[in-house]
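[1] fold the stuff below for me.
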Amino acid sequence: MKRPATRARSETAEEILDIAQALIQSRGYSAFSYQDIADALKIRKASIHYHFASKTELGMAVIDRYVGNFGRALDEIAADAQRSSMEMLDLYAAPYLEVARSRDKVCLCGAIAGEMLALPAELRKRVDRFFKQHQTWLAEILARGVARGEFTLADTPAKVARMMFGALQGALLVKRTTGDASQLHDVIAVLKAQVSAQVMAQAAKA
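    Residues are numbered from 1 along each chain as shown. Here you go, the predicted structure:
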């Protein structure tokens, strides 16, 4: 599914979004204010309100940009028929590894999900959509791998996709708590082994 390009914004608006995203990923949505952004950019809060009238509007813009960028990257990965399905999974996992290299960040939508019941409905809907889109994408790649003889799954692609997505999101939270990035590396290694182990065993017997 193609995602529309993000509407062009001013440089200041993009900088506001950058700071807001970093704050959400490290602190959470409820734990930052316009004053935090104003201090970081050395501008007045009124300047932020000019671009984003409310915090809800700002949060929606941050999520929409994040989801759009991620979605377009996934579309590009899936469109390359020359890649193996395992390569596609590796490319999917790459942003998780990048986030894990930071000191205190997690996935933007994962961070927001932790406050789900306290969030405006507009944000809840966007996070729910993000999770479902990623699980659907993973299920499609897993099904592709099965069809190409690259994967053997213990259950349906949809169920395995849910397990993978939950494991990756959870590993980022554990990494932030412990500071140990090996948690995520181990999760990725085991997930890959689970979908390919039986295929490798069958090839060895042939």
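[2] helix or strand right after the lengthiest helix in the chain?
    Longest helix of the chain, by residue count under DSSP state H: helix 121-147. Downstream of helix 121-147, the next assigned helix or strand under DSSP states H and E is helix 157-178.
[3] what residues of that following helix count as buried?
    Neighbour-count burial for helix 157-178 flags 157, 160-162, 164-165, 168-169, 171-172, 175-176 (criterion: 16 or more other C-beta atoms under 10 Å). No exception for glycine: its C-beta is placed from N, CA and C like everyone else's.
[4] buried sites along the longest helix of the chain?
    123-124, 126-127, 130-131, 133-146.
[5] could you do stretch 84-101 as well?
    85-86, 88-89, 91-93, 96, 99-100.
[6] what's the pLDDT at the most centrally placed residue in the chain?
    Centroid check for the chain by C-alpha atoms, centre = their mean gives Cys107 as the closest residue, at 5.2 Å. For Cys107, the pLDDT comes out at 95.
[7] who's in contact with it?
    25, 96, 99, 169, 172 (C-beta atoms under 8 Å, 6 or more residues apart in numbering).
[8] can you rerun that using 7 Å?
    Going by C-beta atoms under 7 Å, 6 or more residues apart in numbering, Cys107 touches 99, 169, 172.
[9] give me the neighbour count for Asp186.
    12 (other C-beta atoms under 10 Å).
[10] again but with Val106, I slipped
    26.
[11] what values do phi and psi take at it?
    With angles defined as degrees, to the nearest 10, Val106 sits at phi -130, psi 180.
[12] nearest spatial neighbour of it, skipping sequence neighbours?
    Closest residue to Val106 apart from its sequence neighbours, by C-beta to C-beta, 6 or more residues apart in numbering: Leu172 at 4.5 Å.
[13] is it correct that the one you found is in contact with Gly110?
    Yes. If you go by C-beta atoms under 7 Å, Leu172 and Gly110 touch, sitting 6.3 Å apart.
[14] CA atoms only: put stretch 85-104 into PDB for me.
    Taking C-alpha atoms only, stretch 85-104 is exported to PDB below (Å, rounded to 0.1, in the frame of the first residue of the first chain):
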ATOM      1  CA  SER A  85      12.500 -12.800   2.300                       C
ATOM      2  CA  MET A  86      15.200 -13.000   5.000                       C
ATOM      3  CA  GLU A  87      16.900  -9.900   3.700                       C
ATOM      4  CA  MET A  88      13.600  -8.200   3.900                       C
ATOM      5  CA  LEU A  89      13.200  -9.200   7.600                       C
ATOM      6  CA  ASP A  90      16.800  -7.900   8.200                       C
ATOM      7  CA  LEU A  91      15.900  -4.600   6.600                       C
ATOM      8  CA  TYR A  92      12.800  -4.400   8.800                       C
ATOM      9  CA  ALA A  93      14.800  -5.000  11.900                       C
ATOM     10  CA  ALA A  94      17.400  -2.400  11.100                       C
ATOM     11  CA  PRO A  95      15.500   0.600  12.500                       C
ATOM     12  CA  TYR A  96      15.000  -1.300  15.700                       C
ATOM     13  CA  LEU A  97      18.700  -1.800  16.000                       C
ATOM     14  CA  GLU A  98      19.300   1.900  15.200                       C
ATOM     15  CA  VAL A  99      17.000   2.900  18.000                       C
ATOM     16  CA  ALA A 100      18.700   0.500  20.400                       C
ATOM     17  CA  ARG A 101      22.000   2.300  19.800                       C
ATOM     18  CA  SER A 102      20.600   5.300  21.500                       C
ATOM     19  CA  ARG A 103      20.700   5.600  25.300                       C
ATOM     20  CA  ASP A 104      17.000   5.900  26.100                       C
END
